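Asker: Whatever this is, show me its structure:
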Amino acid sequence: MITIGDGIHNFADGLAIGAAFSVSWRSGLATSLAVLCHELPHELGDFAVLLHCGMSVKKALLLNVGSALTSFIGLYIALSVSTDTAAKEWIAAVTTGLFLYVGLADMLPSMVHVDANRPWLIFALQNLGLLTGWGIMLLLSFFEDKMGV
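Answerer: The predicted structure is shown next:
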């Protein structure tokens, strides 16, 4: 289930990156950076869960790479159909909905049900992480046009 859910999530990431690159390379670069920032800890967490379930390192890596490759499918689909403005808007709506669903259905319940000796510290760290992520996204949106390679 982890690998299937991760594959669908990575497919949505690929759709978002492809639609962003069809707008401009700067938009694509900003979206790719945002996806990298949220995918790195996500993939490491999935890898740790797979190892904890008793999988070998080799099999866990293979499953992670296999689910990550679905992002290329989403990328190619988005690049091929996003020549139309309406298609770009639909891709943005679908990927936004998927990201919100993953955040609300998966991440939020696991944040609420944490057993800790110091719940206020956990609460503060969780909110610091969320605010940092939102801040990075806000900065990317403000300075997207000024990014250069």
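Asker: Could you use CA atoms for every contact and neighbour count after this?
Answerer: Will do.
Asker: I figured Gln126 was touching Met111, is that so?
Answerer: Yes - taking contacts as Cα atoms under 8 Å, Gln126 lies within contact range of Met111: 7.5 Å.
Asker: Now do the end-to-end distance for stretch 14-34.
Answerer: 12 Å (Cα to Cα, to the nearest Å).
Asker: List the buried residues for it?
Answerer: The neighbour-count check on stretch 14-34 (16 or more other Cα atoms under 10 Å) flags 14-22, 26-34 as buried.
Asker: Measure how far it is from the centre of its chain, please.
Answerer: Relative to its chain's centre, stretch 14-34 lies at 13 Å (Cα atoms, centre = their mean, to the nearest Å).
Asker: Show the average pLDDT along it.
Answerer: For stretch 14-34, mean pLDDT is 86.
Asker: Could you find the closest non-adjacent residue to Gly7?
Answerer: Nearest residue to Gly7, sequence neighbours excluded (Cα to Cα, 6 or more residues apart in numbering): Ser67, at 4.3 Å.
Asker: can you tell me which residues contact the one you found?
Answerer: With contact taken as Cα atoms under 8 Å, 6 or more residues apart in numbering, Ser67 is in contact with 3-4, 6-7, 10.
Asker: Can you check which helix is longest in the chain?
Answerer: helix 25-52 (DSSP state H).
Asker: So which elements touch that one?
Answerer: Packing partners of helix 25-52 (3 or more Cα pairs under 8 Å, 6 or more residues apart in numbering; DSSP states H and E): helix 2-23, helix 57-68, helix 119-142.
Asker: by how many degrees do the helix or strand following the second one and helix 2-23 diverge?
Answerer: Note on helix 57-68: by DSSP states H and E, the next helix or strand toward the C-terminus is helix 70-81. An angle of 30 degrees separates the directions of helix 70-81 and helix 2-23 when computed by axes from the mean of the first three to the mean of the last three Cα atoms, to 10 degrees.
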